[in-house]
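> Sharing a model prediction with you, sequence too.
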Amino acid sequence: MDMNSTVTPSVALAVEQIKLNFPACDLQVTPDGNGGGWFMLQTVALGEPYVNELIWMGGDLSAQLPYALYDEGPSLEDCDLIATSIPLSLAKKSHILLTEKARNLDQDLLDGLRRVG
């Protein structure tokens, strides 16, 4: 399975960043079917003074639309400023529009769920 065809570009970029930051570790990524994925890093070296010198780390790389600005946009500080400067009524409208976009992106999944009840 080609991971780049099953996750969003921002999630694929996050996976590449993990690889760059942990080049000696075994990285496994499992797409979640929604554009995101779960990752697991094996044999992360802690070194001394820790008793367990090796650990594993894992997590979820979400592809949620409301947070795409943080993944693909300006700096973290600028994203926070944008997010907190939007009036509540406008933020509500943007989430309604994002919900409609997500519904369009997930239409095949939603149709399948309706068919099975």
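Structure received. Numbers count the residues shown, from 1 in each chain.

> okay, the residue at the greatest distance from the centre of the chain: pLDDT?
Centroid-distance maximum for the chain: residue 49 at 32.7 Å, with Cα atoms, centre = their mean. Turning to residue 49, the model gives it a pLDDT of 75.

> And for residue 70?
69.

> now the one 4 residues further on
At residue 74 the predicted local distance difference test score is 78.

> from memory it sits against residue 82, does it?
Yes - counting by Cβ atoms under 8 Å, residue 74 does reach residue 82; the two are 7.5 Å apart. Using the backbone N, CA and C atoms, a C-beta is placed for each residue, glycine as well.

> quick one: pLDDT of residue 65?
pLDDT, read off for residue 65, is 56.

> Not counting stretch 106-117 itself, show me its contacts.
Contacts to stretch 106-117, defined as Cβ atoms under 8 Å, 6 or more residues apart in numbering, come from residues 34, 103.

> hang on, I meant stretch 13-26
3, 7, 27, 29, 37, 39, 41-45, 61, 71.

> For residue 11, see how far away residue 84 is.
Separation of residue 84 from residue 11 (Cβ to Cβ, to the nearest Å): 25 Å.

> So for those two, which sits in the more crowded spot?
More crowded of residue 84 and residue 11, by other Cβ atoms under 10 Å: residue 11, with 24 against 8.

> can you give me the offset of whichever strand or helix holds residue 13 from its chain's centre?
Using DSSP states H and E, residue 13 sits in helix 9-21. How far helix 9-21 lies from its chain's middle: 10 Å, per Cα atoms, centre = their mean, to the nearest Å.

> Can you list the strands that the next helix or strand after it pairs with?
Counting by DSSP H and E, the next helix or strand C-terminal to helix 9-21 is strand 26-31. The sheet places strand 26-31 alongside strand 37-45 (antiparallel), with pairing taken from DSSP bridges.

> For the strand it pairs with, give me every contacting residue.
Residues contacting strand 37-45 (Cβ under 8 Å, 6+ apart): 3, 6-7, 11, 15, 18, 22, 24-32, 53-61.

> Who are the contact partners of the residue farthest from the centre of the chain?
Counting by Cβ under 8 Å, 6+ apart, residue 49 has no contacts.

> and it, that one's in a strand?
No - counting by DSSP: H, G, I helix; E, B strand; the rest coil, residue 49 is located in no strand; its state is coil.
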